[in-house]
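Novice: show me the folded form of this:
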Amino acid sequence: MRIDVKGAIVPNDEEWIYELFEVDSICPKAVHEEIEAANGEDLDVYINSGGGDVFAGSEIYAALRDYTGTVNIHVTGLAASAASVIACAGDSDIAPTAQVMVHNVMTYAAGNHSDMEKTSERLKQADRAIAAAYVEKTGMSEQDALDLMEAETWLTAQDAVDYGLIDRIAENSNTGHLVAAVIDLLPAALVDKMQKKRRELINYFTEGEEN
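Specialist: Model (predicted):
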């Protein structure tokens, strides 16, 4: 069975917004549904994603690692950020023209200096959590993984294989159009606005049914 990890990696409750604007995305729920439908059959996971939400990516990674059947990962264009973590979830190959990118976790924050210090610690903790996937896949030290992330490292197909993040370069790839750019998430303000609008619509129709 084929699973496409394309576009932004988003939480379950945000995917509908991407669908509304016809923007490629993937969420953990969709992957869980595909895994359940596969029922032990081999999974072929095709990745062309600039990453996205850390926790959504982690859930997808864990789900693929825990799958009882065979998981084959194919990086067809870009596996960046959270998508590079998912690429570590099984035996993998990469198109000769594809790339992998690893970097530190990012966020937005506001508040006083204590808030900023707490946020900084949370980011460092998140970096170590992400690095664990690279360590597990490659056998490199945690510090080496963190150094690659700190440098925002872009890897060619051969580089990714040399580091052990990907197992091999694909001999023949019929994957269609390949990209070499990070795919941006929708602006947080737009997501918040659409979530608010959704709640208003739900409340409107719910109240209408009750009346």
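
Novice: for the lengthiest helix in the chain, the distance to its chain's centre please.
Specialist: Ordering each helix of the chain by length in residues (DSSP state H) puts helix 113-138 first. The chain centroid and the centroid of helix 113-138 are separated by 16 Å under CA atoms, centre = their mean, to the nearest Å.

Novice: residues touching the following helix or strand past that helix, excluding its own?
Specialist: Using DSSP states H and E, the next helix or strand after helix 113-138 towards the C-terminus is helix 142-150. For helix 142-150, the external contacting residues (CB atoms under 8 Å, 6 or more residues apart in numbering) are 102-104, 127-128, 130-132, 134-135, 138, 163. From N, CA and C alone the C-beta is placed, and that goes for glycine too.

Novice: narrow those to just the buried residues.
Specialist: Among the contacts of helix 142-150, those classed as buried by 16 or more other CB atoms under 10 Å are 102-104, 127, 130-131, 134-135, 138, 163.

Novice: in CSV: these, plus pLDDT.
Specialist: Below are the buried ones among the contacts of helix 142-150 laid out as CSV (pLDDT from 0 to 100):
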residue, pLDDT
102, 97
103, 96
104, 94
127, 94
130, 96
131, 97
134, 98
135, 98
138, 97
163, 97
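
Novice: need the strands for the chain, in chain order.
Specialist: Using DSSP state E, the strands of the chain run over 2-9, 25-26, 43-52, 71-80, 91-94, 99-102, 153-156, 168-169.

Novice: chain center to the last one: distance?
Specialist: Pointing back at strand 168-169 there. In terms of CA atoms, centre = their mean, the centre of strand 168-169 is found 21 Å from the chain centre.

Novice: and that strand, which strands flank it?
Specialist: Sheet pairing of strand 168-169 (DSSP bridges) gives strand 91-94 (parallel).
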